[in-house]
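Undergrad: A structural model of the following input is requested.
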Amino acid sequence: MSGCQHGSVQTPERGSRAESLEASAKAPAHALARLRDRVRSKPGGALGWRVGVTVVGVAIVVGGIILLPLPGPGWLIIFAGLGVLATEYEWARRLLRFARAQVSRWTEWVKRQPRWIQGVVGLVGAAFLAAVFVLVYLVLY
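TA: Okay, here's the model as predicted:
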């Protein structure tokens, strides 16, 4: 990597690959912000934007709820929908913050437990997933 050396740490030069990757990651967010500002500047645009965000966010949350009994990213999809709603609604922002805190709390609690308890938690999760499979099978067939 090219750049200046400060002790044993190298800092990248301007225009480096790392900076261009960082800039390209931020580009969609900036483009979306510009689009939002443009739409909101039109008469009725703010209401239209809010309605659009609501429809998209609720559709994503409902899709996640539908996928909950199936193996896969049901909760992740629900959190993504809440993230969309949180761009316009304070209640969604608070709910998303609360949900993240609870998931972090649960994860940290499980990490602190002995391996055998972690194994029991994993087995309970697997048993729940198996029960969902059986239930889905019985309902569909």
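
Undergrad: so where does Ala29 fall, helix or strand?
TA: Secondary-structure element containing Ala29, defined by DSSP states H and E: helix 17-41.

Undergrad: Same check on Ile77?
TA: Counting by DSSP H and E, Ile77 is found in helix 74-86.

Undergrad: helices and strands around that helix, which ones?
TA: Applying 3 or more CB pairs under 8 Å, 6 or more residues apart in numbering; DSSP states H and E, we find helix 74-86 packed against helix 45-67, helix 90-112. Backbone N, C-alpha and C define where each C-beta goes, glycine included.

Undergrad: so which of these comes closest to Pro28?
TA: Across the helices and strands packed on helix 74-86, Pro28 has its closest neighbour in helix 45-67 (15.5 Å, CB to CB).

Undergrad: Give me the residues contacting the closest one.
TA: In this structure, residues lying in contact with helix 45-67 by CB atoms under 8 Å, 6 or more residues apart in numbering are 36, 38-40, 42, 73-82, 84-85, 87-88, 92.

Undergrad: Filter the residues you listed down to the buried ones, PyMOL style.
TA: The buried residues among the contacts of helix 45-67 can be selected in PyMOL (16 or more other CB atoms under 10 Å) with this line:
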select buried, resi 36+74+77+78+79+80+81+82+84+85+88+92
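
Undergrad: wait, what's in contact with the residue nearest to the spatial centre of the chain?
TA: With distances taken as CA atoms, centre = their mean, the residue of the chain nearest its centroid is Ala80 (4.2 Å). Going by CB under 8 Å, 6+ apart, Ala80 touches Ile60, Gly64.

Undergrad: 7 Å instead, please
TA: Ile60 (CB atoms under 7 Å, 6 or more residues apart in numbering).

Undergrad: what does the model give it for pLDDT?
TA: Per-residue confidence (pLDDT) for Ala80: 93.

Undergrad: do the same with Val62
TA: 91.

Undergrad: Can you give me the neighbour number for it?
TA: 13 (other CB atoms under 10 Å).
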